[in-house]
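Asks: turn this into a structure:
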Amino acid sequence: MDIVGPLSKTTRSGKKYILVVVDFATRYPEAVALSSIEADTVADALLTIFSRVGFPKEVLTDQGSNFMSALLRSLWQKCGVQHNWASAYHPQSNGLVERFNGTLKMMLKTFMNQHPQDWDKYLPHLLFAYREVPQESTGFSPFELLYGRRVRGPLDLMRDEWEGKAAPEGESVVEYVLTFRERLAELMGLARENLARAQRRQKVWYDRTARARAFATGDQVMVLIPVRRNKLQAAWEGPFKVIKQLNEVNYVVELSNRAHHRRVYHVNMMKPYYDRGNVVLAVCGHW
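Replies: Next up, the predicted model:
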């Protein structure tokens with residue numbers, strides 16, 4: 001999940017942010033327009049989403065203060081949700097929602113130009129359009145994977161009317177549930193195969209240039225941090241100490257000169273620190 005905004009156009013109701021949540025398994029997106037990103041506002045929006053689709057077992061967010069607040073921590077704890085953090089300054093860690101954010105912004109751009117004060121009213125329509133399109137990685141639409149059937153969209157409604165199709169005879173609740181579960185199990189199996197195939201293709205592409213890196217607790221490292229005056233630029237800063245390894249790619253690093261003393265970094269944003277001063281002294285002593 002992530003926050004988009006502040007957007008350039010504010011609606012009549014004061015909406016200028018969008019809370020975005022994407023299900024990793026089905027790619028099904030949810031989005032709620034917000035007037036602020038205070039923790040209580042974000043919590044209310046999350047409860048609205050969870051009331052429709054249920055509570056997740058895990059969530060992945062960036063390290064923004066709205067997601068790291070005491071209120072949200074309490075929400076995760078009470079609802080039995082494991083909260084995982086994306087690495088600092090490494091959006092690929094939260095890549096699924098980042099890609100959807102880019103798509104959503106492109107879709108919103110036209111509506112914002114035409115309806116600058118009420119673009120939030122069109123948000124459900126944009127979500128509907130995205131949910132019914134099959135995803136390359138899974139081979140199915142997000143709607144189909146979540147509900148186990150194809151979405152009945154506007155084109156289907158018009159086609160049924162033109163062809164004069166009668167509604168099919170109803171089936172019992174038990175028959176419907178059994179059919180639904182069978183269809184969903186079949187779809188999820190096929191989706192896992194397609195997703196694994198897409199991930200293998202991505203891994204082959206990534207492994208062409210990637211180099212294995214690992215750090216131990218206590219190692220001195222340099223980390224790549226955006227320049228304050230221009231977030232599109234970054235510079236290596238350090239040395240900083242590795243506190244612990246969270247998983248294969250994420251580490252907790254202690255930043256002694258910053259307000260947030262400890263942050264999670266992806267291994268791609270880190271490199272070993274070499275004390276060149278000691279190297280020079282050793283060479284001079286040998287001479």
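Asks: can you name the element that comes right after the helix or strand hosting Lys109?
Replies: Taking DSSP states H and E as the definition, Lys109 sits inside helix 95-114. Where DSSP H and E defines the elements, the next helix or strand beyond helix 95-114 is helix 123-131.
Asks: remind me what that next one packs against, helices and strands.
Replies: Here helix 123-131 touches strand 29-34, helix 95-114, helix 142-147, going by 3 or more C-beta pairs under 8 Å, 6 or more residues apart in numbering; DSSP states H and E. Heads up, the C-betas are built off the backbone N, CA and C, glycines and all.
Asks: quick one on the thing from earlier: list the buried ones in the helix holding Lys109?
Replies: Leu96, Val97, Glu98, Phe100, Asn101, Leu104, Met107, Leu108, Phe111, Met112 (16 or more other C-beta atoms under 10 Å).
Asks: how about the fifth one, nearest residue that isn't a chain neighbour?
Replies: Take Asn101 and drop its neighbours on the chain: the residue closest to it by C-beta to C-beta, 6 or more residues apart in numbering is Val4, 5.4 Å away.
Asks: what does the first one give?
Replies: For Leu96, ignoring the flanking residues on the chain, the nearest one in space by C-beta to C-beta, 6+ apart is Val22 at 5.4 Å.
Asks: for the one you found, grab the count of nearby residues.
Replies: 21 (other C-beta atoms under 10 Å).
Asks: ok, it - contacts?
Replies: For Val22, the contacting residues are Met1, Tyr28, Pro29, Glu30, Leu96, Val97, Phe100, by C-beta atoms under 8 Å, 6 or more residues apart in numbering.
Asks: and those residues as CSV, adding pLDDT and distance to Pro134?
Replies: As requested, the contacts of Val22 are exported to CSV (pLDDT from 0 to 100; distance: C-beta to C-beta, whole Å):
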residue, pLDDT, distance to Pro134
Met1, 86, 23
Tyr28, 92, 13
Pro29, 92, 14
Glu30, 93, 19
Leu96, 72, 16
Val97, 76, 19
Phe100, 83, 15
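Asks: for those, which one is nearest Ser51?
Replies: Using C-beta to C-beta, Glu30 comes nearest to Ser51 of these, at 11.1 Å.
Asks: that closest one against Ala45, yeah?
Replies: No: in this structure, Glu30 is not within contact of Ala45 by C-beta atoms under 8 Å, at 9.3 Å.
Asks: can you tell me how far the spatially most central residue of the chain sits from Arg152?
Replies: With distances taken as C-alpha atoms, centre = their mean, the residue of the chain nearest its centroid is Val97 (2.9 Å). Distance of Val97 to Arg152, computed by C-beta to C-beta, to the nearest Å: 27 Å.
Asks: Leu71 too?
Replies: For Leu71 relative to Arg152 (C-beta to C-beta), the value is 39 Å.
Asks: just list whatever residues bridge to Val22.
Replies: Judged by DSSP bridges, the bridge partners of Val22 are Pro29.
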